[in-house]
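S.K.: below: sequence and its predicted model.
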Amino acid sequence: MSYTKRFDGRKADELRPMEAKVGVVKNADGSAMFKIGKTIAVAAVYGPRELRPQFLQNQTKGILRCNYNMLAFSGAGERVRPGPSRRSREISMITEKALSPVLNLDDFPGSVVDVFVELIQTDAGTRCAGITAAAMALAHAGVPMRDMVSAVALGVIDGDIFVDLSKQEEDYEGSVADIPVAISTSTGKVTLLQADGSFTEEQLGEVLEAAKGACEKIKELQVKALKEVYQGAGEE
Amino acid sequence: MNILKKHLIDLGSKGFREDGRGYDEYRNITIKYGVSAKAAEGSAMITIGDTEVVAGVKFEVGTPFPDTPDAGTIIVNVELLPLASGEFESGPPGIDAIELSRVVDRGIRESGALDFKKLCITPGEKMWMIYIDVYPLNDDGNLFDACALAALAALKDARFPQYDGTKISYDKRTNTPLPLTDLPISCTVRKLGDKIFIDPSKNEDYLTDSRITFAINKDGTLCAMQKGGELGLNVEDIKEMARIAIKSSKTIRKELEKK
């Protein structure tokens, strides 16, 4: 019995319904919400601002500092104990690595751009939703960016490639490889790539090709959400 | 740009690495088993060139996790001891140690090499918890591969302690090894400038623009990936890195399968 029909009836390359909105945290310099399926991520950007303590500063350019966190009630099962875990620290680090290649912080030595990613509800694909929301928030904040970054988790289940795994698919009893990917969409460069679960070298190639298409679709939404902030401004 | 980095890129453009190795060449690998045999249930010390890592396995009995009542688990902990490098500081594990721990764990866990169900003692009540503690003793680059290798060697060396249902007798070891069905080899491939290579030395490690650590099963399938580094990678590079990793992993696998 191999996995050919998806639990929620989607096609193999179909993403869950998505929603993107910019400007959701009024105090922040930039912010955005990204929802994919039941996963909801909110990102807020504060900065560039002075980095304290001083010994952390980079005197040649600004630094990016990301913090990923799941709210205690965000999971479907047990409560998530608040506070950083090793997993959330790793995800914070890879979020930073996924976004810093597109930022230009040369004009802000000694400063930090703080990005806070909070998961309101989790149903797989959280780190990707977080990166997607953070990219919009950074653009909204006016941080100099070379490119947009879009992220999605793909899977290899029983030998076939699927885009945007749901939690049910992640937990599937058969052979599942969960592969989160982030792409800097204009250059096509991959800035996040992880995997757990078995897959072949050939499948890796197929996953990366499928990721490009999926990230293009996500980028359309990100750009639309950013434009909406300024739409209406010309009419005043 | 950093002078040393420019120097390495210049060398690379002429087809050379700092120590004259080929892009797909590992430094000398040694594995010593049972280095803490009087204490740890399993232990090993490995070297890759001058990088030296020691790992130990300790067994404990605990309560299964609620979502996997019929399985045991491994717990991997890598600590970057200040003794191993001038760059490491005292204190709780920082993000580098955490990443190393989680990447080594993922390679072993996702390969299915150790069937966690075989670590169950009584469903819902008792499970074996296999602690794998890994300590670099000298960092001369490529800690990802070195820590994974040390962990695997220690797991190979491990034997169950005697357990009477209530208490573990650590001083009485059985001859029962862990039910390992595979050895997931970790191979980290780095990119510096436009050169791709494996087994970075210390300078290559600290100066490279991006890396991917792959975990490879004996049948050549991949079971874990972790990209790191400050720059993005294009798809062609990633495919090439996977190809090199799968090929190069055979060198380590050969060393690990000796004994």
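M.R.: Great, that's in hand.
S.K.: can you get me a residue count around the residue in the stretch 51-200 of chain B positioned nearest to chain A?
M.R.: Closest to chain A within the stretch 51-200 of chain B is residue B:110: 4.4 Å, counting by C-beta to the nearest C-beta. In short, each C-beta sits where N, CA and C put it, glycine included. The number of residues packed near residue B:110 is 22, by other C-beta atoms under 10 Å in any protein chain shown.
S.K.: in the strand or helix carrying it, which residues are buried?
M.R.: Here residue B:110 sits within helix B:95-111, counting by DSSP states H and E. Under the neighbour-count criterion of 16 or more other C-beta atoms under 10 Å in any protein chain shown, helix B:95-111 has B:97-111 buried.
S.K.: all strands for the chain, in order.
M.R.: Just so you know, I chose chain A. With DSSP state E as the criterion, chain A has strands at A:18-22, A:30-36, A:39-50, A:63-70, A:111-121, A:149-157, A:160-163, A:176-184, A:189-199.
S.K.: nope, chain B
M.R.: B:29-33, B:42-48, B:51-62, B:73-78, B:120-122, B:126-138, B:159-163, B:168-177, B:185-192, B:195-198, B:210-216, B:222-229.
S.K.: I'd like the ones you listed laid out as JSON lines, including mean pLDDT and mean neighbour count.
M.R.: Formatted as JSON lines, the strands of chain B follow (pLDDT from 0 to 100; neighbours: other C-beta atoms under 10 Å in any protein chain shown):
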{"stretch": "strand B:29-33", "mean pLDDT": "96", "mean neighbour count": "16"}
{"stretch": "strand B:42-48", "mean pLDDT": "97", "mean neighbour count": "25"}
{"stretch": "strand B:51-62", "mean pLDDT": "97", "mean neighbour count": "22"}
{"stretch": "strand B:73-78", "mean pLDDT": "97", "mean neighbour count": "20"}
{"stretch": "strand B:120-122", "mean pLDDT": "94", "mean neighbour count": "15"}
{"stretch": "strand B:126-138", "mean pLDDT": "97", "mean neighbour count": "20"}
{"stretch": "strand B:159-163", "mean pLDDT": "95", "mean neighbour count": "16"}
{"stretch": "strand B:168-177", "mean pLDDT": "93", "mean neighbour count": "12"}
{"stretch": "strand B:185-192", "mean pLDDT": "95", "mean neighbour count": "26"}
{"stretch": "strand B:195-198", "mean pLDDT": "94", "mean neighbour count": "21"}
{"stretch": "strand B:210-216", "mean pLDDT": "96", "mean neighbour count": "26"}
{"stretch": "strand B:222-229", "mean pLDDT": "96", "mean neighbour count": "24"}
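S.K.: gap between residue B:7 and residue A:111?
M.R.: 30 Å (C-beta to C-beta, to the nearest Å).
S.K.: more neighbours: those two, which one.
M.R.: residue A:111 (18 against 14).
S.K.: which pLDDT value goes with that one?
M.R.: The score at residue A:111 is 96. That number is its pLDDT.
S.K.: residues touching the residue of the stretch 51-200 of chain B closest to chain A, list them.
M.R.: Going by C-beta atoms under 8 Å, 6 or more residues apart in numbering or on different chains, residue B:110 touches A:196-198, B:184, B:215, B:223-224.
S.K.: likewise for residue A:138?
M.R.: So residue A:138 contacts A:30, A:45, A:99, A:103, A:113, A:115, A:145 (C-beta under 8 Å, 6+ apart).
S.K.: from chain B, how far off is the fifth one?
M.R.: Distance check for residue A:113 against chain B: by C-beta to the nearest C-beta, to the nearest Å, it reads 15 Å.
S.K.: tell me the residue of chain A that sits nearest chain B?
M.R.: Closest point on chain A to chain B, by C-beta to the nearest C-beta, is residue A:189, at 3.0 Å.
S.K.: for the residue nearest to that residue when sequence neighbours are not counted, the count of nearby residues, please.
M.R.: The shortest distance from residue A:189 to any residue other than its chain neighbours is 3.0 Å, reached at residue B:232 (C-beta to C-beta, 6 or more residues apart in numbering or on different chains). Neighbours of residue B:232 under the rule other C-beta under 10 Å: 26.
S.K.: where does residue B:232 fall, phi/psi-wise?
M.R.: phi -80, psi 160 (degrees, to the nearest 10).
S.K.: state the pLDDT value of it.
M.R.: The model's pLDDT for residue B:232 equals 95.
S.K.: that one and residue A:192, how far apart?
M.R.: In terms of C-beta to C-beta, residue B:232 sits 9 Å off from residue A:192.
S.K.: shared neighbours of the two, anything?
M.R.: In contact with both residue B:232 and residue A:192: no residue, using C-beta under 8 Å, 6+ apart.
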